[in-house]
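>>> Generate coordinates for the sequence data below:
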Amino acid sequence: MALLDMLDKEHTVAQPGFNRWLVPPAALAIHLCIGMAYGFSVFWLPLSKAVGIKESLACPAGMGFLAEITATNCDWKISMLGWMFTLFFVFLGLSTALFGGWLEHAGPRKAGVVSALCWCGGLVISALGIHAHQIWLMWLGSGVIGGIGLGLGYISPVSTLIKWFPDRRGMATGMAIMGFGGGAMIGAPLADRLMKHFATATSVGVWETFLALAAIYFVFMMGGALSYRVPATGWAPEGWTPPAAKGANAMITHRHVHVNHVGSVPQFWLVWLVLFLNVSAGIGILAMASPLLQEVFGGRLIGVTAAFNDLNAGQKAQIATIAAGFTGLLSLFNIGGRFAWASCSDYIGRKATYFVFLVLGFVLYAAIPALAHGGHLALFVVFFCVILSMYGGGFSTVPAYLADLFGTQMVGAIHGRLLTAWSAAGVVGTSLINYIREYQIAHGVPKAQAYDTVMYVLAGLLVLGFLCNLMVRPVAARHFMSEQELADERRLAHERDGAAGRAPASAPGVAGMAGGAAVAVPVAAGNPLVAALAWAVVGVPLLIGVWITLQKAIVLFQ
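As a prediction, the model looks like this:
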C-alpha cells in the first residue's frame, strides 16, 4: 500500500475487535489543538510591543492602512491583531460549508491530516510574519489557512462519532466538541510559558512560540487523524436496536437527506436560526465577560464602595485579577456544558434540550440586571456560569439534532453548512452587543448600568430562538434520498458492508447489518490498555488545563 493510500476512506474501515472508545480520544487530540483559537488573545499584548520590546512603539499618525500592515519600524495595535478572531470563525464557517461534502467522501482521516497541515502550517507562516513584522502574513497564515484547518478539524469526527455511537449520539459529539472548548485552557498557559522561555532583549518570544506550538500540535493532530476508524455500512452496537419514533425520540429519522438538497428543507434553516441566536447571545457574554464584571461591580469586588472609574490603578489591577478568574470559571462551564448538555439530550431529546437553553436562558438574562443592581455577586456569577454552559451545550447538541432530523449519511457535511451560523453570530453578535454598550455610555448611562439593555436584547434573541425551535417538525418524506440515491452516495463514500466478511467491531462486540437485519459478530473487546493510554494522552493535558483554570478562578471566592 502506498503511503498516501492509508489516508483513503476505504482503508480506515475498522477491523473485527476494534474498540469504538478509541475514536473519541482521536477526535479530542485534534479538537484540543485547534481549540487554541480561543486562546490567541494571550499573544496580543506581547505582539503589540514586538518592535519596542519594553513599550509599544506607535506608528506615525496618519499612516495609511497598507503602509501600517507592512511597516517594520512600529508596533501593531491590538485592534489590528484582534482581526484574527474574525478571520478564524469566518473561514471556519466557509471551509466547513465548502468542504463538508468532500469530507464525507474522503473520510475523517484524510480531512484530519489536511486540518493538521493547514492549522500547523498556518502557525509556521504566522511565525514568519511575526519575525518579518508583516501582520498580513499572520492574517494569511493563522487567519485564512489556519481557519480552513480549524473548520476541517472541527467537523472531521462528527459523522464518524455519530455512526460509532448511534445509541449515544449526544454524548459522543459532546466528548469531541468539549475538546474545542478546552483547547485554550491548555494552549494559553503553555504559550505563556513558552513566550517567557524564548523572550530575549531583542524578541518577545512569540514567533519562536508559534513554531514550538506548530510542532507540538502537528504530532498530536497527526496522531489523532491516523487513529480515526469508520464503521462498516449499517454497523450497530451489539444488542442495540433503533429507537421507536415516539417521546424524546419522535424527531429521529432512519432515512437520509443529501447535503446538496438540505438548503430546500425548512427544518435546516430553523435549526440554523436557533444556533445563530443562541450563539449570538452567548458569544457576546464570552467576549465581554471581564470588563462586564469589573464595570458592573467596580470596587464592590474588593470591598470598596466606589464605581469602576473612581478606583486607583492598584485597585483596578486587583479587580482585573478577579475578572480573569471569572473568565476562567466561565470557560470551565463552557467546556463542561458541552459534554453534560449533549449527554442529557440523549435522554430528553434534542428539541427539548434546546427549549431548556432558550427558556432558561431568557429567564437568566432578564434577571441579571436586577442581580447587578442588588449587588448579588454570587448569584450573578452562577447565572453566567449556567448561561455559558448552555452556550457550549448548543454547539455539542446540534450535530445530534441534525442526525436526528436528516439522518447520519451526510450529517458531517450538513453540520458544516450549519456552522455558517456560528460565523455569522461571531460577527453580528459581538458587534451588536459592543455597539449597544458604547451607545449607552456615549449617552450618559453609567458603565454599571450600560449592560442592562444588552441583557434584555439578548433575552429577546432567545425568544426568537424559542419560536424557531418550536416550529421544527420531522422532515417530510420528499426530502430524503431514495434507496438508489443512497446506494450511489455510499459508493461515492467508499463504504463497505459489514456483512461482507470484514465486519468492524466495537467493544465488547458488534452487530453488522445485512439486508436490514442485525447480525451479531462475536469479537474480542480489544486491548483495554490501549484505550486507557489513548484517553490518558488527551485526558492528562485537559485535567492540567482544568486545574490551572481552577487556580485562577479561586480568587472569586476569597
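>>> Any idea which residue is closest to the centre of this structure?
Phe180 (4.5 Å; Cα atoms, centre = their mean).
>>> After the strand or helix carrying that one, which helix or strand is next?
If you go by DSSP states H and E, Phe180 is part of helix 169-198. Counting by DSSP H and E, the next helix or strand C-terminal to helix 169-198 is helix 206-227.
>>> and the helix or strand containing Gln267, how far out from the chain's middle?
Under the criterion of DSSP H and E, Gln267 resides in helix 266-297. Distance of helix 266-297 from the chain centroid (Cα atoms, centre = their mean, to the nearest Å) equals 14 Å.
>>> and that helix, which residues are buried?
Applying a neighbour-count criterion of 16 or more other Cβ atoms under 10 Å, one finds 267-268, 270-290, 292-297 buried in helix 266-297. Any C-beta I mention is one placed from the backbone N, CA and C, and that applies to glycine too.
>>> likewise stretch 89-107?
By neighbour count on 16+ other Cβ under 10 Å, the buried set for stretch 89-107 is 89-97, 99-101, 103-107.
>>> Restricted to strands, list those.
Mapping the buried residues of stretch 89-107 onto strands (DSSP state E) picks out no residues; all lie outside.
>>> what is the rounded mean pLDDT of stretch 47-63?
Averaged across stretch 47-63, pLDDT comes to 89.
>>> What is the end-to-end distance of it?
End-to-end distance of stretch 47-63 (Cα to Cα, to the nearest Å): 19 Å.
>>> what residues does it touch?
The set of residues external to stretch 47-63 that reach it, using Cβ atoms under 8 Å, 6 or more residues apart in numbering, is 68, 71-78, 81, 130, 133, 201-204, 206.
>>> now with 6 Å?
Contacting residues not belonging to stretch 47-63 are listed as Glu68, Ala71, Cys74, Asp75, Ile78, Leu81, Val204, Val206 [Cβ atoms under 6 Å, 6 or more residues apart in numbering].
>>> number of nearby residues for the third one?
Neighbour count of Cys74, defined by other Cβ atoms under 10 Å: 17.
>>> how near is it to Gly205?
Distance, Cys74 to Gly205, by Cβ to Cβ, to the nearest Å: 20 Å.
>>> which helix in the protein runs the most residues?
Looking across the chain with DSSP state H, the single longest helix is helix 313-348.
>>> In this structure, what residue spans correspond to strands?
236-237, 510-514, 517-521.
>>> Paired strands for the first one, with orientation please.
With DSSP bridges as the criterion, the sheet partners recorded for strand 236-237 are strand 510-514 (antiparallel).
>>> wait, what's in contact with Glu208?
Taking Cβ under 6 Å, 6+ apart as the test, what Glu208 contacts is Phe198.
>>> ok, now Ser79?
So Ser79 contacts nothing (Cβ under 6 Å, 6+ apart).
>>> May I see the buried residues of stretch 255-269?
His256, Val257, His258, Val259, His261, Val262, Val265, Gln267, Phe268.
>>> any idea of the mean pLDDT for it?
In this model, stretch 255-269 has a mean pLDDT of 95.
>>> same thing with stretch 103-123?
Averaging pLDDT along stretch 103-123 gives 95.
>>> what about it, distance to the chain center?
In terms of Cα atoms, centre = their mean, the centre of stretch 103-123 is set 16 Å apart from its chain centre.
>>> Contacts for that stretch next, please.
7, 9, 12, 30, 34, 141-142, 145-146, 148-149, 152-153, 156-157, 160, 210, 213-214, 217-218, 221-222, 225, 228, 410, 412-413, 492-493.
>>> try stretch 301-321
Identification of contacts with stretch 301-321 by Cβ under 6 Å, 6+ apart yields Gln294, Glu295, Gly298, Gly299, Ile322, Lys447, Val555.
>>> The last one is in contact with Ala324, isn't it?
This points to Val555. No: contact criterion Cβ atoms under 6 Å: Val555 and Ala324 do not qualify, at 7.9 Å.
>>> low-confidence ranges in the stretch 401-550 of the chain?
497-526 (pLDDT under 70).
>>> can you give me the helices for it?
411-418, 420-442, 451-470, 483-492, 528-553 (DSSP state H, counting those that start in this stretch).
>>> swap in the stretch 1-150 of the chain?
Along the stretch 1-150 of the chain, counting by DSSP H, counting those that start in this stretch, helices occupy 23-34, 44-47, 65-70, 78-81, 83-106, 108-132, 135-138, 146-155.
>>> what helices or strands is the first one leaning on?
In terms of contact count using 3 or more Cβ pairs under 6 Å, 6 or more residues apart in numbering; DSSP states H and E, helix 23-34 is assigned the packing partners helix 146-155, helix 169-198, helix 206-227, helix 528-553.
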